[in-house]
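Asker: Structure of the sequence below:
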Amino acid sequence: MSRFDDLVGKRVVIRSTVPGERGPSGGPALTDVIGRLLAHDGTTLRLERRDGSEVEVAVSTVVAAKAVPEGRARVRTRPALDYSPEELARICTRGWPPRTLEMLGEWTLRASGGFTGRANSAGVHGDPGTDFPEALARIEAFYAAHGLAPKAQVIDDTVWAGRFAEAGWRGIGGTHDHAVVQVADLDVVLTAPRAPESPAEVRLAPTLSDTWLTAAERDASGYDADDVRHVLASPRLVVFASVEGDQGIEAVARMVVTGEWAGLSSVHTSTYARRRGHAGRLLEACATWARDEGADKVYLQTMRHNAPALALYARYGFVTHHSYRYVTPTG
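Answerer: I've put the predicted structure just below:
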């Protein structure tokens, strides 16, 4: 039995030596990693950090390992609004993971057979590690290799938004040209006034079903099923929520937890079942689940024109963090 077996699934602090480096006293340099221990194989420890990123530590370098408080007993140091748009954009990608991901410096090249914009666009956040013309060429080559039109997800009001515009890249147009990312701290969401009582029960399922997908009105018929399921269902902690009535599923939502962040998406209520409080009850149930899984912050994405959704989220304490748009080359 390994000394790490009892720590799997818990938040831990791992102290390890830094190979080839010396500390102030002349002994081996030491470093600490704090995160949830996801797995170990006797050689390597794999941990998930607060932002959902993963790190590996060689067992041979470990000096000490112990559990740290988690859940509501933990003290948070960074509220949702303390994160930069670039940081949050990377966190959103972990909650909506593409089938294929390649790094271009700090940018991400994402492809999933065309299913959804985020999973099939270049995430422009940070430094691409090369000059801009070369970065554009790399984006176009990547999407050509995957049989997709080149597309970039660019955060508004950044230098990159201007650079892409100068290069002749334009917004995709229509109602999906711009989107807003909103955030809230979960304790604010969970202390907001509750949705009205209803006999309709909110159900949380750990797996994606065809009935949920149909109720979400996401047209997945033209895409590879493995691409669809990877984007929606591959995160380690994800739940598919639904409200069922006399005519079947009336409303759905998806919630994912990566590190201390939860991501709400795919909130949809059938036309005939609107104004019954379903969306609010789904949000509350998903937020409670996310808190119990160790999250303390939540993000969501919606469109600027979606006034009913923005009004709903405002009641639960959500505020706009940043906005973005998808751009493609013209000519």
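
Asker: contacts and neighbour counts: CA atoms only from here.
Answerer: Fine.

Asker: which residue is nearest the centroid of the chain?
Answerer: By CA atoms, centre = their mean, the mean C-alpha position of the chain lies nearest to residue 95, the distance being 2.5 Å.

Asker: Could you point out which residue ranges in the stretch 1-150 of the chain have low pLDDT?
Answerer: Within the stretch 1-150 of the chain, the segments meeting pLDDT under 70 span 1, 70-77.

Asker: How about the contacts made by residue 217?
Answerer: residue 268 (CA atoms under 8 Å, 6 or more residues apart in numbering).

Asker: hang on, the earlier thing: SS state for the nearest residue to the residue nearest to the centre of the chain once chain neighbours are set aside?
Answerer: The shortest distance from residue 95 to any residue that is not its chain neighbour, by CA to CA, 6 or more residues apart in numbering, is 6.0 Å, and that residue is residue 256. Classification of residue 256 by DSSP: H, G, I helix; E, B strand; the rest coil places it in strand.

Asker: what's near enough to touch residue 256?
Answerer: Under the criterion of CA under 8 Å, 6+ apart, the contact partners of residue 256 comprise 95, 235, 237-239, 262-264, 290.

Asker: By neighbours, which of these wins?
Answerer: By neighbour count, taken as other CA atoms under 10 Å, the most surrounded of the contacts of residue 256 turns out to be residue 262 (33 neighbours).

Asker: Just to check, that residue is in contact with residue 294?
Answerer: No: shown here, residue 262 and residue 294 do not form a contact pair, counting by CA atoms under 8 Å, at 9.1 Å.

Asker: Please state the backbone phi and psi of residue 96?
Answerer: Backbone geometry at residue 96, expressed as degrees, to the nearest 10, gives phi -140, psi 60.

Asker: ok, it to residue 263 distance?
Answerer: According to CA to CA, to the nearest Å, residue 96 stands 9 Å off from residue 263.

Asker: What of residue 138?
Answerer: Spatial separation of residue 138 from residue 263 under the definition CA to CA is 29 Å.

Asker: Tell me which helix or strand residue 238 sits in.
Answerer: strand 237-245 (DSSP states H and E).

Asker: Now that strand - C-alpha only, CSV.
Answerer: C-alpha atoms of strand 237-245 as CSV (Å, rounded to 0.1, in the frame of the first residue of the first chain):
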residue,chain,number,x,y,z
LEU,A,237,-16.6,16.6,-12.6
VAL,A,238,-19.7,17.3,-14.8
VAL,A,239,-23.4,17.0,-14.2
PHE,A,240,-26.4,17.2,-16.6
ALA,A,241,-29.4,18.7,-14.9
SER,A,242,-33.0,18.4,-16.1
VAL,A,243,-36.6,19.2,-15.0
GLU,A,244,-39.2,16.7,-16.2
GLY,A,245,-42.9,17.3,-16.6
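
Asker: Next, the contact list for the nearest residue to residue 241 once chain neighbours are set aside, please.
Answerer: For residue 241, the nearest residue in space outside its immediate sequence neighbours is residue 204; the separation is 4.4 Å by CA to CA, 6+ apart. Neighbour list for residue 204: 239-242, 286 [criterion: CA under 8 Å, 6+ apart].

Asker: With that, I have no additional questions.
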